[in-house]
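Build me a model:
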Amino acid sequence: MHPKVSTNVVQTLQSKFGRYMEHIRNASVVHKTELMFNERLSKRYGCNLFLKREDLQTVRSFKIRGAYCKIMENIEPGSARNPIVVTASAGNHAQGVALTCRALGLDNSIFVPVNTPNQKKSRIQHFANHGQQVVMDGLHGLNSVGAINGLRDHDGNRRFSLESVGENFDECLAAALEFCEKHDGIFVHPFDDYSVILGQSTVAQEIYEDLK
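Numbering: from 1, shown residues only. Coordinates of the predicted model:
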């Protein structure tokens, strides 16, 4: 056990793990990916080497697991008054948050540093609104009472915002946290959150189940 992780925290995480596995098994946007035996690498290293094909997830990464579990733990599925979901990330985590919010019909705001390549921003937008009518606006638009309270616009569309803020990740993260606190949102940290970490670990459980 990591010396900074208390016994109480470990026991709490253990009690949640079964529920997180159920979240993943029932999710429409997270898939149980193939555990593939790799003959070439097995011969090269003298072992039985398997590859867990998380690149076959819709967002091409295991990162959606942690995002999905964190969000599911903090909302009422189907409610029109769930809080806005906020994160800071320019990579696979942001795409996982965007896709999860799309699937669950949640308002969300994703913060990225100003130097984020357009290709990455385009992928986030793709997962946020593909196949749906979504109100795309900036930070000021999401400051409206309706959006923050989880309400929709006059046409019933959910709200999505992609914010370019800060010269680096730390500045971007600080802006996202400030925005989330101001509006009582759900913050989905890309890595420094026990719920996110526990959600990511569901990939290890699937490996264990396939190998035993």
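
Just to be sure, Leu162 is in a strand?
Yes - Leu162 forms part of a strand when assessed by DSSP: H, G, I helix; E, B strand; the rest coil.

residues contacting the spatially closest residue to it that is not a sequence neighbour?
Closest residue in space to Leu162, ignoring its immediate chain neighbours: Ile110 at 5.4 Å, by C-beta to C-beta, 6 or more residues apart in numbering. Glycine gets a C-beta too; all of them are placed from N, C-alpha and C. When contacts are counted by C-beta atoms under 8 Å, 6 or more residues apart in numbering, Ile110 touches 86-89, 94, 97-98, 124, 128, 161-163.

pLDDT wise, what is Ile110 at?
pLDDT recorded at Ile110 is 95.

Quick check: closest non-adjacent residue to Leu51.
The shortest distance from Leu51 to any residue other than its chain neighbours is 4.9 Å, reached at Met36 (C-beta to C-beta, 6+ apart).

Surely the one you found forms part of a helix?
No - secondary structure of Met36 (three-state DSSP): strand, not part of a helix.

heads up, I number from 26, so please use that
Yep, numbering from 26; the last one is Met61 now.

Tell me if I'm right that it and Arg78 touch.
Yes - using C-beta atoms under 8 Å, Met61 is in contact with Arg78, at 5.7 Å.

And for the residue nearest to Ile49 when sequence neighbours are not counted, the neighbour number?
Distances taken as C-beta to C-beta, 6+ apart place Thr227 nearest to Ile49, at 4.8 Å, with adjacent residues excluded. Neighbour count for Thr227, taken as other C-beta atoms under 10 Å: 23.

Show the contacting residues for Thr227.
Contact partners of Thr227, counting by C-beta under 8 Å, 6+ apart, are 45-46, 49, 90, 94.

at 7 Å what do you get?
45-46, 49, 90 (C-beta atoms under 7 Å, 6 or more residues apart in numbering).

Just the buried residues from those residues, in ChimeraX please.
A single ChimeraX command selects the buried members of those (16 or more other C-beta atoms under 10 Å):
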select :45,46,49,90
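
That concludes my questions; thank you for your assistance.
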